[in-house]
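S.K.: Could you work out the structure for the sequence below:
(one chain, ligands or ions: 1)
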Amino acid sequence: MGLSRRDFLKRSSVFCLGLGIAGGLPGCSSKTDEKPTSKSGRILREARYYEKQKGGMVRCRLCFRQCLVADGDRGFCRNRENHGGTYYTLVYGLPCAIQIDPIEKEPSYHMLPGSSMFCTATASCNNRCKFCQNWHISQRSVDETINYDLSPERMVGLASLENCDSLSFTYSEPTVFYEYMYDIAKLGKEKGFKVLFHTNGSMNPEPLSALLQYMDGVTVDLKGFTETFYREASSSQLAPVLRTLKHIRESGRHLEVVNLVIPTLNDDMVRIREMCVWVREYLGKETPLHFSRFFPAHKLTHLPPTPIDTLEKAWKIGQEEGLEYVYIGNVPGHEGNSTFCPQCHNKLIHRVHFAVLANQVKRGRCPSCGYPIPGIWADATT
Ligand code: SF4
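M.R.: Residues are numbered from 1 along each chain as shown. Here you go, the predicted structure:
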């Protein structure tokens, strides 16, 4: 269920009153002193993971880009600004998107199927994907979006009020609002929520390790399987994503991988097979892999939607390479939406797009043959 801005303001006002906080939105938070402000007048919070350099420069260590930023400038992601040799995040407490979604939309198919997640995003991204489906927020700076004013406490309180099961950071790249995500995740775990995020996999290992202590699950985009594709279609790199995937697998957190299959750009079945082999070898055959359908968007409106036949070829290749949970996404009603037992082929979770029509998984196992199904299940400890 999505919240319109009008509904959200109404509910947020109720929530503020419930906590004894004066005022509705915007403007519930009121600490305005002793903090530098951005060019647009917003209060700033110091960023994490950066180093001061000579001449008032700073070196950001949050993502693989490691931007060197001069005084008064912003990093590549537009979300961090150098003020006199101190680096600040511009988006702390300023989400531009809040929505309640089924967890299947993440996609996270093996984590509390049929549950609802409270999703948050701020403006901007550290990639420039020509195919971005959320370009209207990811390719805008915080000065160009309409933002709420929500502390982590109020965000978690809203999720409780809406009876959500989990908190999710998604839509844009959560790395670029790391500090805000971290504080919400930490508080959310204390309040008993499951927490997950959907990422392009570009975060550096040190901040990733710190964040994962408060995460239950991660969905990672593996956008293609060549450096050329990453460079030309995303202005990015493949190697940091592969490093991140291995890191998350080693952390023991629940992991799912998504590949958006784009006609003519990354639909070479030789590369898709290489990707499937890599996932099996380095992440394990039990890792869910989603092949998602592309729809024309942003700078690729001249391309057609991905043919179903192309997705089915990728789906079959994943199965041929021994992956146990290969899915087709963005094709409502396709058999590839559902989960099947790798051992006895019993249909375990019947999905139609984001809806779960039946879930037979019992305490993390197939009820017919007892095969263990990886994931986080409501009736079992993880
Ligand atoms: S998080 Fe932003 S400022 Fe930091 S290295 Fe990445 S793109 Fe640059």
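
S.K.: The ligand contacts on this structure?
M.R.: Selection of the chain residues close to the ligand by Cβ under 6 Å from any ligand atom yields 60, 62-63, 65-67, 75-77, 80, 126, 175-176. C-beta coordinates here come from the backbone N, C-alpha and C atoms, glycine included.

S.K.: Residue 327 is in contact with residue 291, correct?
M.R.: Yes. Taking Cβ atoms under 8 Å as the contact criterion, residue 291 and residue 327 are neighbours in contact, 7.0 Å apart.

S.K.: More neighbours: which of the two?
M.R.: It is residue 291, of residue 291 and residue 327, that has more neighbours when counted by other Cβ atoms under 10 Å, with 29 against 24.

S.K.: Parallel or antiparallel, list what pairs with the helix or strand hosting the more buried one.
M.R.: Under DSSP states H and E, the secondary-structure element containing residue 291 is strand 289-293. On the basis of DSSP bridges, the sheet neighbours of strand 289-293 come out as strand 254-261 (parallel), strand 326-329 (parallel).

S.K.: ranking the residues of the chain next to the ligand by neighbours, who comes first?
M.R.: Going through these with other Cβ under 10 Å as the criterion, the one with the most neighbours is residue 176, at 30 neighbours.

S.K.: what's near enough to touch it?
M.R.: 62, 63, 77, 79, 80, 91, 122, 124, 125, 126 (Cβ atoms under 8 Å, 6 or more residues apart in numbering).

S.K.: Same question for the last one, what's its three-state structure.
M.R.: Same thing as residue 126. coil (DSSP: H, G, I helix; E, B strand; the rest coil).

S.K.: circling back: please identify which pair of the residues of the chain next to the ligand lies farthest apart.
M.R.: Based on Cβ to Cβ, the longest span within the residues of the chain next to the ligand runs between 66 and 176 and measures 14.0 Å.

S.K.: Look up which residues are beta-bridged to residue 51.
M.R.: In this entry, residue 51 is beta-bridged to residue 59, by DSSP bridges.

S.K.: Filter the contacts of residue 176 down to just the ones in strands.
M.R.: Cross-referencing those with the strands (criterion: DSSP state E) gives residue 80 as the overlap.

S.K.: Tabulate the contacts of residue 176 in JSON lines, adding columns for pLDDT.
M.R.: Listed next are the contacts of residue 176 as JSON lines, based on pLDDT from 0 to 100:
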{"residue": "62", "pLDDT": "98"}
{"residue": "63", "pLDDT": "98"}
{"residue": "77", "pLDDT": "97"}
{"residue": "79", "pLDDT": "95"}
{"residue": "80", "pLDDT": "97"}
{"residue": "91", "pLDDT": "95"}
{"residue": "122", "pLDDT": "98"}
{"residue": "124", "pLDDT": "97"}
{"residue": "125", "pLDDT": "98"}
{"residue": "126", "pLDDT": "98"}
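
S.K.: Where does the stretch 201-350 of the chain get nearest to the ligand, residue-wise?
M.R.: Checking the stretch 201-350 of the chain residue by residue against the ligand with Cβ to the nearest ligand atom singles out residue 202 as nearest, at 7.2 Å.

S.K.: What does the pLDDT read for that residue?
M.R.: In this prediction, residue 202 carries a pLDDT score of 98.

S.K.: okay, now the domains of this structure?
M.R.: By the assignment in automatic domain parsing, the chain contains the domains 45-89, 97-359.
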